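Q: Build me a structure from this.
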Amino acid sequence: MSGGPKAQDWSSMLDQSERLLRQRTGAGLQEWNQRVLDSGVADEPALRSWLAGHGVTGYPQMMLVMERFGYPDFLLASADDLIDGQYRDREQLRPVLDAVLAAASGVGEVTVQARKGYVALVSPKRTFAMVQPTTKDRVDLGLKLPDVRPGGRLLAAKSLAHGNIRVALTDPGDVDDEVVRLLEHAYDANS
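A: Numbering: from 1, shown residues only. Below is the predicted model:
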């Protein structure tokens, strides 16, 4: 991937889940995997209930359930594979993503997280933007801008996972000064 910071895949989230598990319970992944096997729990709902009863909730619980019953393919894929999959049938839009990532690299400390259907841009505090190839000829840049209302080029982001505003992009040239200012504003509002 060119033009911006290297994208992370799901492994960083799984590493964080493992750290949380150890912090919250004093035991690591290997020990918990053995506890799960020894529990004799045979299905996912029962395992979730059993884990909750032992104080394991949230991401650590999700990780232990997947350890027991299997990880979805997208969680095991590399960041490059996830992004390649998003643009496989719309390769002409890949330069739009690269232009957004290049612009985002100048707004502050940004972590790029590749997901199955989009790329998240994360400030040190939380996700402030996302890039999603929405149609075969359009990429949507979703922005978390609580003080901004739709109007003109700024559209409501009703169907995006992150953000209340979206900007439709069809060409790398659409990532202009206005888009850079919007990225900066979203970063500042979520840092």
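Q: now the strands: where do they sit in this structure?
A: Assigned by DSSP state E, the strands in the chain fall at 7-8, 111-114, 119-122, 127-135, 138-143, 155-156, 165-169.
Q: top helix in this protein by residue count?
A: Ranked by number of residues, the top helix in the chain under DSSP state H is helix 11-25.
Q: what bits of the chain have low per-residue confidence?
A: Within the chain, the stretches with pLDDT under 70 are 1-6, 161.
Q: now do 50
A: For the chain, applying pLDDT under 50 flags the ranges 1-2.
Q: per the record, what domains does it have?
A: 11-74, 83-189 (automatic domain parsing).
Q: Mind putting those domains into JSON lines with mean neighbour count?
A: C-beta: built from backbone N, CA, C; applies to glycine. As requested, those are exported to JSON lines (neighbours: other Cβ atoms under 10 Å):
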{"stretch": "domain 11-74", "mean neighbour count": "15"}
{"stretch": "domain 83-189", "mean neighbour count": "18"}
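Q: Helices of the protein, residue ranges please.
A: Secondary structure of the chain (DSSP H): helices at 11-25, 29-39, 44-53, 58-69, 73-76, 79-87, 94-104, 177-189.
Q: Serialize those helices to a markdown table and add fields for distance to residue 124.
A: Shown next, in a markdown table, are those (distance: least, Cβ to Cβ, whole Å):
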| stretch | distance to residue 124 |
| --- | --- |
| helix 11-25 | 14 |
| helix 29-39 | 26 |
| helix 44-53 | 30 |
| helix 58-69 | 18 |
| helix 73-76 | 24 |
| helix 79-87 | 19 |
| helix 94-104 | 14 |
| helix 177-189 | 10 |
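Q: between the ones you listed, which gets nearest to residue 144?
A: When those are compared by Cβ to Cβ, helix 177-189 sits nearest residue 144, at 5.6 Å.
Q: Only alpha carbons, please: show that closest one as PDB.
A: C-alpha atoms of helix 177-189 as PDB (Å, rounded to 0.1, in the frame of the first residue of the first chain):
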ATOM      1  CA  ASP A 177      -7.900  20.900   0.600                       C
ATOM      2  CA  GLU A 178     -11.500  20.700   1.800                       C
ATOM      3  CA  VAL A 179     -11.200  17.000   2.500                       C
ATOM      4  CA  VAL A 180      -7.900  17.500   4.300                       C
ATOM      5  CA  ARG A 181      -9.500  20.200   6.500                       C
ATOM      6  CA  LEU A 182     -12.400  17.800   7.200                       C
ATOM      7  CA  LEU A 183      -9.900  15.000   8.200                       C
ATOM      8  CA  GLU A 184      -8.100  17.500  10.500                       C
ATOM      9  CA  HIS A 185     -11.300  18.600  12.100                       C
ATOM     10  CA  ALA A 186     -12.500  15.000  12.600                       C
ATOM     11  CA  TYR A 187      -9.100  14.100  14.100                       C
ATOM     12  CA  ASP A 188      -9.200  17.000  16.500                       C
ATOM     13  CA  ALA A 189     -12.800  16.400  17.500                       C
END
